[in-house]
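Chemist: the following block contains a protein sequence and its predicted model.
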Amino acid sequence: MRNEKTTEEIARGIRARVFEHTIRNNGGYLSQACSAAEQLAFLYNEGLNLGPSTMPMVPPPFGGVPSADNPDYVTGAGYNGPFDAVHDRLFIAPAHYALVAYACLIEVGRMAPEGLGMFNRDGSSVEMIGAEHSPGMEVHNGTLGIGLSTAAGLAWGRKRMGHSGQVCVFMSDGEVQEGQTWEAVQAAAHHGIDNLWAIMDVNRQQCDGAMDEVMTVGDIATKFRDFGAVVAECDAHDLKAMRAARATPHPGRPLIVLAHSRPTQGMESLMSRFPRLHYVRFKSEEERARMNIEIAAELGVAPVALEAH
Amino acid sequence: MEMVNRPYAAAFEAYAVQHPEVLCLSADLTSSCEIDGFRDRHPDQFLSLGMAEQNMLSFAGGLGLAGFRPFLHSFGVFLYRRPYDQLMASVAYPRRKVRLMGFLPGVTTPGGMTHQAIEDISVMRTIPNMTVLEAGDATEVESIVAEADRVDGPVYCRILRGAVPRLFDTPIRIGQMRVLAEGEDVLVVTAGITTEEAIRARGALARAGVSVRHLHLNTLKPFDAAQIVDHAASVRHGVITLENHLVTGGIGSMVAEALAEAGLARRLIRLGLQDTYAHGGSRPYLMKHYGMDALSLVRAVERLTGQATGIDEDALGAVRIDAVHSIVKAEAL
């Protein structure tokens, strides 16, 4: 399903929505919107073959966890379209990107703007760390490193069933510190799982700060190739380059697109907080007010109208 | 007593070939889990995942999402210790129909601490959505394959391999414990390999005038607390649990919880590993050393009844000895 907006417009919309949310709530995963906006916009708007959403525009409240006593349980997968033979599936592996993913769902017309107002509210399915039942989420990925393995299993199964639909994983580069990521790549290569691909937000940031300070990971492109993947690299903010990277042939192997991103792209004012960008909470009302004006100007939107305190 | 050689191998193959949605997964312990013949004869239904259990658990979750029912074969310990997070997030939470076939339960391996699943029941039964089964003889090993595959969700099975005695002539049924004796003095609750020990002890105890009520459990979750309480209420002296597992979190704990919640005051002796790791050795040696054999059960009965039985090793008859190095698997791991 192709949206009427351009991918560039959607990426701008994602940044604006996450910015507004972060200013309003005095905190949010703002840097992830900077680095990943084009990637998620690309996936939803042109990179994936997704059918129309099967879920209500306004997300239903939390409907309980999966159990034998909860036959009506549904995941958030329906926001990505029906699970049939021809459509792609998408896993958001770093579930803390949920805020950015929800903003993207709104921009592409799969969720109502009110959905973001339910973010992290008690009793809501629009959870802070995307849960399996959260809009656009298909499986639990809150522990980093499990997404690619799950996708590899699903892709193997879909290939065996003759599905033309592929499986895509949106990943974060911090996940390469987890051993399971390498187990997944070697298994996908060993079994020739080539209906599987991933796009990784290589922003070189993690919770504690810059990855090079926390745990050096070396040349991840070479490592992925050595483990059996086909690797393509691009500037994460250059959609033309992203399209070309995605189009890289990868017969018999999974494709990993390394999208080299900047954690402050579009919001350079955030550099004053570098390298503590994982979760932006303003240190003072003064900083919040200053960021509100500066970032709004960068994004070309009006500052968020805040209530007087 | 009839001994059956590799009952799992034949039973799994017979079942899987009839069910194309069943997949056979292995993590580099293919012959040790008796699926080497299946791999050779049915390579299209076999997936080698290598020594990478974390990936295997999440991968299996993905297969489940695609509609397959993967049977994961490894030693019990390797299915939950290292990949616990993956077991929770990729298998148990979403209720994938993943069948975890855990070989070498408890002290059935000379491999020592790293190979002995001594807390698997404790761990598995606390996981929401999980079903936990344990095979106690060749018939239960043979029938556990189809029975586990009926479960609408994930299931963990303690599987016996190699030469396995045949004790029962009816298949395992989830939720149906076996009442092996209906005595009135002491209730004995066993599962897996401890049932054979209790059967041996019962014969000697009967001759000594002690009347034993004996339950064999093959379904550890869901646990039929009401039936346990009914049986406990019908004996004079109390209850003894005998398990190939730590006494904390396993059958001993389950029975204690059942009695407490029902408000039934009965003495309870829990035999099994007492807050300790085991070490490498033969099964008979380990069962004796850690107080999990027939004689340990007899002594516990004497403590409950307050009367000596005069039963000793000789009275328990010829004890079946398994060679550590069996012909089935030379390494015995």
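Modeler: Ah, there it is.

Chemist: now for the helix or strand encompassing residue A:31, which elements pack on it?
Modeler: Using DSSP states H and E, residue A:31 falls within helix A:30-42. For helix A:30-42, the elements it packs on are helix A:7-25, helix A:98-107, strand A:167-172, strand A:196-202, helix A:239-246, judged by 3 or more CB pairs under 8 Å, 6 or more residues apart in numbering or on different chains; DSSP states H and E. Quick note: C-beta positions are derived from backbone N, CA and C, even for glycine.

Chemist: could you look up the SS state of the residue of the stretch 101-250 of chain B found nearest chain A?
Modeler: Residue nearest to chain A within the stretch 101-250 of chain B (CB to the nearest CB): residue B:129, separated by 6.2 Å. Classification of residue B:129 using DSSP: H, G, I helix; E, B strand; the rest coil returns coil.

Chemist: pretty sure residue A:215 sits against residue A:177.
Modeler: Yes - Residue A:215 lies in contact with residue A:177 (CB atoms under 8 Å); the separation is 5.3 Å.

Chemist: residue 88 - nearest residue in space that isn't next to it in sequence?
Modeler: Unless you meant another one, I'm taking chain A. Closest residue to residue A:88 apart from its sequence neighbours, by CB to CB, 6 or more residues apart in numbering or on different chains: residue A:48 at 4.4 Å.

Chemist: let me rephrase: I mean chain B.
Modeler: Using CB to CB, 6+ apart, the nearest residue to residue B:88 is residue B:127, at 6.8 Å.

Chemist: which residues of chain B fall in strands?
Modeler: B:3-5, B:22-26, B:46-48, B:69-75, B:99-103, B:131-134, B:155-159, B:163-165, B:178-182, B:186-191, B:212-217, B:219-221, B:238-246, B:268-273 (DSSP state E).

Chemist: and if you look at chain A?
Modeler: Using DSSP E, strands in chain A cover A:89-92, A:167-172, A:196-202, A:205-206, A:209-210, A:230-235, A:255-260.

Chemist: report the angle between the second one and strand A:196-202.
Modeler: Just to be clear, that refers to strand A:167-172. Strand A:167-172 runs at 20 degrees relative to strand A:196-202, counting by axes from the mean of the first three to the mean of the last three CA atoms, to 10 degrees.

Chemist: ok, residues contacting strand A:167-172?
Modeler: A:36, A:39-40, A:43, A:47-48, A:88-94, A:97, A:101, A:144, A:147-148, A:151-152, A:154-155, A:158, A:181, A:195-201, A:203 (CB atoms under 8 Å, 6 or more residues apart in numbering or on different chains).

Chemist: please name the bridge partners of the spatially most central residue of chain B.
Modeler: Nearest to the geometric centre of chain B sits residue B:134, at 3.4 Å (CA atoms, centre = their mean). Here residue B:134 sits in beta bridges with residue B:158, going by DSSP bridges.

Chemist: residue contacts, it?
Modeler: B:105, B:121, B:157, B:158, B:191, B:192, B:217, B:218, B:220.

Chemist: what is the burial count for the nearest residue to the third one once chain neighbours are set aside?
Modeler: Nearest residue to residue B:157, sequence neighbours excluded (CB to CB, 6+ apart): residue B:133, at 4.6 Å. By other CB atoms under 10 Å in any protein chain shown, the residues close to residue B:133 number 26.

Chemist: isn't residue B:133 up against residue B:222?
Modeler: No - applying CB under 8 Å as the test, residue B:133 and residue B:222 come out as separate, 10.5 Å apart.

Chemist: list the contacts for the closest residue to residue A:158 other than its chain neighbours?
Modeler: Of all residues not flanking residue A:158 in the chain, residue B:66 sits nearest, at 5.7 Å (CB to CB, 6+ apart). For residue B:66, the contacting residues are A:153, A:154, A:156, A:157, A:158, A:160, A:161, by CB under 8 Å, 6+ apart.

Chemist: buried residues in the lowest-mean-pLDDT helix or strand in chain B?
Modeler: Across the helices and strands of chain B, mean pLDDT, DSSP states H and E gives its lowest value to helix B:194-207, namely a mean of 93. For helix B:194-207, a neighbour-count test (16 or more other CB atoms under 10 Å in any protein chain shown) marks B:194, B:195, B:196, B:197, B:198, B:199, B:200, B:201, B:202, B:204, B:205 as buried.

Chemist: residues contacting residue B:266?
Modeler: Counted by CB under 8 Å, 6+ apart, residue B:266 has contacts B:187, B:232, B:233, B:235, B:238, B:239, B:259.

Chemist: closest one of those to residue A:133?
Modeler: residue B:259 (37.8 Å; CB to CB).

Chemist: and that closest one, how many neighbours?
Modeler: For residue B:259, using other CB under 10 Å, the count is 21.

Chemist: using CSV, write out every CA atom in stretch A:284-292.
Modeler: The C-alpha trace of stretch A:284-292 is given here as CSV (Å, rounded to 0.1, in the frame of the first residue of the first chain):
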residue,chain,number,x,y,z
SER,A,284,15.8,22.0,33.3
GLU,A,285,12.8,24.0,32.2
GLU,A,286,15.2,26.4,30.6
GLU,A,287,16.8,23.7,28.5
ARG,A,288,13.3,22.4,27.6
ALA,A,289,12.2,25.9,26.5
ARG,A,290,15.4,26.5,24.6
MET,A,291,15.2,23.1,22.8
ASN,A,292,11.6,23.7,22.0
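
Chemist: what are the contacting residues of that stretch?
Modeler: So stretch A:284-292 is contacted by A:23, A:26, A:269, A:270, A:282, A:303, A:304, A:306, A:309 (CB under 8 Å, 6+ apart).

Chemist: so which of these is the most crowded?
Modeler: residue A:23 (23 neighbours).

Chemist: isn't that one right up against residue A:307?
Modeler: No - Residue A:23 is beyond contact range of residue A:307, at 11.9 Å (criterion: CB under 8 Å).

Chemist: give me the low-pLDDT residue ranges for chain A?
Modeler: A:1-3, A:308-309 (pLDDT under 70).

Chemist: quick check: closest non-adjacent residue to residue 24.
Modeler: All of this is about chain A. Using CB to CB, 6+ apart, the nearest residue to residue A:24 is residue A:304, at 5.9 Å.

Chemist: not quite, go with chain B.
Modeler: residue B:46 (4.7 Å).

Chemist: show me what from chain B comes close to chain A.
Modeler: B:47-50, B:52, B:54-55, B:57-68, B:85-86, B:89-90, B:93-95, B:128-129, B:152-153 (CB under 8 Å from any CB of the partner chain).

Chemist: among those residues, which ones are in helices?
Modeler: B:54-55, B:57-65, B:85-86 (DSSP state H).

Chemist: burial count for the residue nearest to residue B:229 when sequence neighbours are not counted?
Modeler: Distance criterion CB to CB, 6+ apart; nearest residue to residue B:229, sequence neighbours excluded, is residue B:262 at 4.3 Å. Other residues near residue B:262 come to 16 when the count uses other CB under 10 Å.

Chemist: contact partners for residue B:262?
Modeler: So residue B:262 contacts B:225, B:226, B:229 (CB under 8 Å, 6+ apart).

Chemist: thinking again about what came up before, quick one: which of the contacts of residue B:134 has the most company?
Modeler: Result: residue B:158 is most packed of the contacts of residue B:134 (other CB under 10 Å), 32 neighbours.

Chemist: next up, the contacts around it.
Modeler: B:76, B:102, B:105, B:106, B:117, B:120, B:121, B:133, B:134, B:135, B:192.

Chemist: ok so, going back, distance check, the residue nearest to residue B:88 against residue B:163.
Modeler: 32 Å (CB to CB, to the nearest Å).
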